[in-house]
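Asker: Dropping the sequence and predicted coords here.
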Amino acid sequence: MFELLASWLLGPWSPPKDMPVLRSSPLSEWLDQTPLPVLMEPSYTPDPKAIAALNSYLETLERLGFDLSQQGIWLQTDAQIWATHQGSTALPAASLTKLVTSLAALATWGTEHRFETLISTTGTITNGVLLGDLIIEGGGDPLYVWEEAIALANALQQMGIQRIEGDLHIVGHFSMNYEDSPIKSGTLLKQAFNATLWPPEATQQYRTMPPGTPKPNLSIAGTVHLTSQNTLSSRQLLPLLRQYSLPLAQLLKLMNIYSNNVMAQTLADLMGGANQVAQIAAQITHVSPSEIQLINGSGLGTENQISPRAVCRILMALHQQVAGTSWSLADLLPVSGRDVGTLEGRNIPTAAAVKTGSLWNVSALAGAFPTQDREVVWFTIINRGANLDGLRRQQDQLLNTLVQDWGSVAILPPPLKPGQESLKPENQLGASSRIQPVALP
């Protein structure tokens, strides 16, 4: 699962004695022959155009009244740093924190990992009626939404269950529609099972499913309970179905497009919390822990602080994680000109794969964009100040200036070219093919 990074990631979180060579990556031929420390410690080679653009940018911010000590910028290509300001200073990074969570998640599970929800019963099926309780054992799927629940109800009805006489028990890490409460999640699931109970948003999401998808009418007579694993172990269960989530890479893309805080925190919690997430990212990128300080996995709160340098290293490590797979960096992040979400209303150069971040006094932007002269440019901009719209306009202008200076491209480089995995039928929300019957011994 970790083969896309150096082999030392398979072991404990400590650097190897003999530094390995990176495996093949479509970023450039240079990556293939460069030991990891060189990649992670690029040389500082000031670029006159980058320096001029950065100085102009900073002068504009200062003229607008922003404190330059609270602004961080980092610009680099594969092995060279072109310009930087406060680059190694950890600053409030807002939702750039989700890049840290994304990297740790990929290192922990891999691109193809699917979270599993197990559906079991305590009873038997007689004449279309389940005489017993329905058990939902959550495995941490951070994107269990209306479409997934509708597909599950249809699968249960296809098994011959038309009514459930017992209760609905929620066990483990199960959340529906980003709800923190397992009881609320179970109540939503119960609603989704019966189209006559659907709220307008459920009907709206149903319309996005393939034409001809049945509307379920599976009723549950009992109530919703939160049940512990210990209690469950004392009962005799009959497994019915396993429902698998979208692949992790696609989950991360959707999380980052809409900057979904609940999804990010769910993943962080499953990995052991914010400290563990930060530790994994620091070890992978060879960044000092002081440059990645997290209190959660989402970026909510100014206590989440990351240096611009660390963010760029995290972006490059994300690329390494998916290099050689059917996914690319553009499959993990929003792409300007292709995706909307938090990019709506922005004037970011076309084909840039980026992540935005915002708090009431923080505006951040990081990612990669293609150029003719410098190939793929990795960048981080972290701003503090009250005029977020003004800061965003200046960020966009800086990037467009750099593209004008270094030239735009007609053909996307592999890291910024989206793959086709997310278009597969099984990778659509509500896909019935991700629901499989349990093979009984």
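Answerer: Done, it's in. Residues are numbered from 1 along each chain as shown.
Asker: Dead centre of this protein: give me the residue that sits there.
Answerer: Nearest to the mean C-alpha position of the chain, by Cα atoms, centre = their mean, lies residue 252 at 2.3 Å.
Asker: shouldn't it be in contact with residue 332?
Answerer: Yes. Applying Cβ atoms under 8 Å, one finds residue 252 in contact with residue 332, separated by 5.2 Å. C-beta coordinates here come from the backbone N, C-alpha and C atoms, glycine included.
Asker: so what sits against both of these two?
Answerer: Residues touching both residue 252 and residue 332 (Cβ atoms under 8 Å, 6 or more residues apart in numbering): residue 102.
Asker: quick one on the thing from earlier: did I read that right, the residue nearest to the centre of the chain in a helix?
Answerer: Yes. Using DSSP: H, G, I helix; E, B strand; the rest coil, the assignment for residue 252 is a helix.
Asker: check contacts around it.
Answerer: Neighbours of residue 252 in contact, by Cβ under 8 Å, 6+ apart: 102, 105, 106, 332.
Asker: Relative to residue 169, how far out is the second one?
Answerer: As for residue 105, its distance to residue 169 is 28 Å (criterion: Cβ to Cβ, to the nearest Å).
Asker: More neighbours: which of these two?
Answerer: Comparing residue 105 with residue 169 by neighbour count (other Cβ atoms under 10 Å), the higher total belongs to residue 105, at 28 against 25.
Asker: which non-adjacent residue is nearest that one?
Answerer: residue 267 (5.0 Å; Cβ to Cβ, 6 or more residues apart in numbering).
Asker: Let me see the mean pLDDT of the helix or strand hosting the one you found.
Answerer: Per DSSP states H and E: residue 267 is located in helix 261-270. The average pLDDT within helix 261-270 is 98.
Asker: What segments of this protein are helices?
Answerer: 29-32, 36-40, 48-63, 97-109, 146-158, 182-192, 200-206, 229-233, 248-258, 261-270, 274-285, 308-322, 388-406 (DSSP state H).
Asker: Export those as JSON lines, with columns for distance to residue 173.
Answerer: Formatted as JSON lines, the helices of the chain follow (distance: least, Cβ to Cβ, whole Å):
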{"stretch": "helix 29-32", "distance to residue 173": "37"}
{"stretch": "helix 36-40", "distance to residue 173": "34"}
{"stretch": "helix 48-63", "distance to residue 173": "43"}
{"stretch": "helix 97-109", "distance to residue 173": "14"}
{"stretch": "helix 146-158", "distance to residue 173": "15"}
{"stretch": "helix 182-192", "distance to residue 173": "9"}
{"stretch": "helix 200-206", "distance to residue 173": "22"}
{"stretch": "helix 229-233", "distance to residue 173": "11"}
{"stretch": "helix 248-258", "distance to residue 173": "14"}
{"stretch": "helix 261-270", "distance to residue 173": "7"}
{"stretch": "helix 274-285", "distance to residue 173": "16"}
{"stretch": "helix 308-322", "distance to residue 173": "23"}
{"stretch": "helix 388-406", "distance to residue 173": "34"}
